[in-house]
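S.K.: just coords:
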């Protein structure tokens with residue numbers, strides 16, 4: 001649950017625009033302060049660690065976020081904290097020539113500017129952002145061919161999902177990003193313009209709060225009842241739920257009354273480690289969501 005809470009803070013923190021005009025920042029392939037190909041990379045972004053590894057450059061990663069969960073080969077790499085509690089001394093000791101951030105961290109950015117360490121600002125808050133991250137890191141790491149193949153594979157997987165659900169009726173989907181575990185309170189969901197909103201759309205659903213401008217609005221049980229979701233999907237990365245816990249949480253939803261998601265037994269809990277990590281693996285999550293929304297045979 002601690003990892004789940006931290007992922008929520010990261011999602012909300014990403015709504016703040018990152019500064020990219022400071023010395024040493026590279027939002028794309030250009031990196032004037034470090035003209036050579038980076039060989040010692042620290043990534044305070046679990047998704048970027050996955051991208052770099054998928055590009056065949058995992059051996060260049062010398063430090064990772066404390067929330068890095070994949071691939072397994074990075075499990076023993078030094079941990080440098082997270083976006084909100086970076087270990088600056090450890091970062092210095094690891095002597096990186098490239099640091100990847102997802103979101104804004106003034107202390108890290110200032111450190112990198114002082115020591116002329118290049119910084120790539122990873123803006124994977126949309127599906128397009130995931131593809132751009134793949135392309136940008138491919139260019140920075142001299143892995144253009146691998147990046148093109150990875151981006152193409154990701155796009156093709158999403159296109160297959162879109163085709164499979166193209167003619168299906170779109171259920172109204174409530175996605176919970178966070179809430180109180182003991183009751184339906186402090187419920188965070190997704191509004192428009194996020195990769196979670198796009199995930200629902202690609203999977204063949206209709207985001208219950210997709211007309212809300214705020215990326216991650218807090219909503220009340222009363223607002224949920226008024227909008228009558230057909231499906232509720234609770235995102236709980238790495239939560240080890242017991243049968244008793246699942247039953248208690250289902251009972252909390254049943255207490256709302258006869259909303260379609262409850263009467264149709266369509267309240268789901270997704271606990272995969274990457275359920276909130278926007279990397280190329282997210283195609284797997286979108287595929288799983290699409291099959292929850294459309295469990296009927298597709299003729300594939």
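M.R.: Arrived safely. These numbers were taken from a predicted model, which means no experiment stands behind them.

S.K.: Which residue ranges of the stretch 51-200 of the chain form strands?
M.R.: For the stretch 51-200 of the chain, the strands defined by DSSP state E, counting those that start in this stretch occupy 61-64, 98-101, 118-121, 172-176, 187-188.

S.K.: a markdown table for those, including distance to residue 127 and mean neighbour count?
M.R.: To be clear about C-beta, it is placed using only N, CA and C from the backbone, and glycine gets the same treatment. Output for these, formatted as a markdown table (distance: least, CB to CB, whole Å; neighbours: other CB atoms under 10 Å):
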| stretch | distance to residue 127 | mean neighbour count |
| --- | --- | --- |
| strand 61-64 | 24 | 23 |
| strand 98-101 | 19 | 27 |
| strand 118-121 | 18 | 24 |
| strand 172-176 | 15 | 24 |
| strand 187-188 | 20 | 19 |
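
S.K.: Dump these to a markdown table, plus mean pLDDT.
M.R.: Converted to a markdown table, these look like this (pLDDT from 0 to 100):
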| stretch | mean pLDDT |
| --- | --- |
| strand 61-64 | 98 |
| strand 98-101 | 96 |
| strand 118-121 | 94 |
| strand 172-176 | 98 |
| strand 187-188 | 97 |
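
S.K.: Columns distance to residue 247 on top of those, output as TSV?
M.R.: As requested, these are arranged in TSV below (distance: least, CB to CB, whole Å):
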stretch	distance to residue 247
strand 61-64	36
strand 98-101	40
strand 118-121	43
strand 172-176	17
strand 187-188	19
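
S.K.: among those, which is nearest residue 201?
M.R.: The closest of these to residue 201 is strand 172-176. By CB to CB, the value is 9.4 Å.

S.K.: tell me how far the closest one is from the chain's mean position?
M.R.: 17 Å (CA atoms, centre = their mean, to the nearest Å).

S.K.: Okay, domains of this protein per the record?
M.R.: 2-142, 167-293 (automatic domain parsing).

S.K.: Mean pLDDT lowest where, among those domains?
M.R.: Mean pLDDT is lowest for domain 2-142 out of these, coming in at a mean of 83.
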